[in-house]
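>>> got a structure for you, letters missing:
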Ligand SMILES: C[C@H](O)[C@H](O)[C@@H](O)C(=O)CO
């Protein structure tokens, strides 16, 4: 039995995984060993609410540590077998700074905080986008670690001056549990400071930014053993020294590990607060086209690369709901989806990746403003707004899927695997199949947590490799298939969608 902590942008969970032999006659998978399935049990769920301090947005990192400890206690005392190992995965790019005595110097910034505004452009005047992409292969997003660090540099941040080491969120929480500092590679790749070909920090780049390379620990591969719970933590929680593994700690890396693909050439969409759509490749794609389309080559498990693009995702819906809740509307997500289903199709379109949607004050008004400035019908009701968001998201998925295909230059993907909490939104899954004109295979829901679990089992030697892991997942969790409908309407919608985006750009 192993224990996974998956920290998402809105909530965290502790999940216990068990590999069980399958009874006679049950399909299942098993190389040398008897057929098995993976069962999961969520034993602790907790909110992950960022905290506003004055002008700035921070993660409540000590609260997250407290919740992780609650999860360990619950797992240890839940009368299960001994916990063989545990691991943590979380969102990317954010970090904590610790001083030479190992003390955390302050609460990490939230990547949606405004302190990085304008910094990406400033860094591009120092280092060209071409140069930076040729080295790191990472997409240009204003909150990438490189821009957060440069913003601190510009502010002459005391924290940065006193810092001895930079630890990404899972690195930091793992350090609090084990007392051991280790930098995990998949998350390190999201900093836009790591050379994609060598897998080493780009020291020349750090010098240009006047950021000391000594801040960064050499990255370790996903699956590396990372010590065990420290004596202090064991004493505090009354638990044994459970081994800790550095899995694919970037939650998207774990989600991609959990994609139940039977074939080597597959396309995935990890669907949660963010939508991450792409494929898995052996070598980074550092072409001018990949740069122009702002694709990224984030590190994957097993030395692979995740060639993907960030799409704004269900953050758009989450923020509409948060705003309407504040205004007392109190509609649940299922109610919002139902209203969207009843709304008029293709009333208007938005570019979900327009910068205005990253962290607006009032998301519904931001959607209305986009429709108004592009001369389209301006939605009035929550149903109309959410429908426009979901239709536009799924059409953007088509754009990114076709660009992924063109970048890898292999045969057409036969369909799209969707994983993550977003697949609970069945309307979005169906819209996505309609928009791409191919089947969508939706499942598992807990993509990141399950990817975390199987990489632990691979590190423990219980699963022989990623393909066996994916086969076990395919036989252990429900996968719903959505077949494309209304092909002509969606084809026409795709044309209009692209026209709207072009118009908005100029
Ligand atoms: C910034 C986002 O967190 C990141 O790009 C995304 O991949 C992620 O981590 C989603 O949870």
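Arrived safely. Model, not experiment: these values are computed from the prediction.

>>> out of all of them, which helix in the chain is the longest?
helix 382-408 (DSSP state H).

>>> What count of nearby residues applies to residue 49?
11 (other Cβ atoms under 10 Å). Every residue, glycine included, has its C-beta placed from N, CA and C.

>>> Which residues are in contact with the residue nearest to it when sequence neighbours are not counted?
Once flanking residues are discounted, residue 49 sits nearest to residue 60: 6.7 Å by Cβ to Cβ, 6 or more residues apart in numbering. Counting by Cβ atoms under 8 Å, 6 or more residues apart in numbering, residue 60 makes contact with 48-51, 107.

>>> gap between residue 462 and the ligand?
27 Å (Cβ to the nearest ligand atom, to the nearest Å).

>>> right, and that residue touches residue 17 too?
No: the pair residue 462 / residue 17 is not scored as a contact, 10.5 Å apart, by Cβ atoms under 8 Å.

>>> between these two, which one's more packed in?
Remark: of residue 462 and residue 17, residue 17 carries more neighbours, 22 against 16, as counted by other Cβ under 10 Å.

>>> Name the SS class of the closest residue to the ligand within the stretch 351-500 of the chain, please.
Going by Cβ to the nearest ligand atom, the ligand is nearest to residue 448 of the stretch 351-500 of the chain, at 7.7 Å. Look at residue 448: counting by DSSP: H, G, I helix; E, B strand; the rest coil, its state is helix.

>>> likewise the one 3 residues further on?
Classification of residue 451 into helix, strand or coil gives helix, according to three-state DSSP.

>>> and it, how many residues sit next to it?
Count around residue 451 with other Cβ under 10 Å applied: 33.

>>> Quick check: phi and psi on the nearest residue to residue 43 once chain neighbours are set aside?
Among residues not flanking residue 43 along the chain, residue 74 sits closest, at 4.8 Å (Cβ to Cβ, 6+ apart). Dihedral angles of residue 74 (phi, psi; degrees, to the nearest 10) stand at phi -60, psi -40.

>>> now the one 3 residues further on
Backbone torsions for residue 77, taken as degrees, to the nearest 10, come to phi -100, psi 10.

>>> Ok, residue 14 next?
According to degrees, to the nearest 10, residue 14 has phi -110, psi 130.

>>> Which strand residues bridge it?
Under DSSP bridges, the beta-bridge partners of residue 14 are residue 5, residue 44.

>>> Correct me if wrong: it contacts residue 44.
Yes: here residue 14 lies in contact with residue 44, judged by Cβ under 8 Å, at a distance of 3.9 Å.

>>> Looking at the two, which is more packed in?
Neighbours were counted for residue 14 and for residue 44 using other Cβ under 10 Å; residue 14 has more, 25 against 20.

>>> Within range of the ligand, give me the residues from the stretch 201-350 of the chain.
250-252, 274, 276, 310 (Cβ under 6 Å from any ligand atom).

>>> how about a cut-off of 8 Å?
Contact residues (Cβ under 8 Å from any ligand atom) of the stretch 201-350 of the chain with the ligand: 250-252, 270, 272-274, 276, 298, 310.
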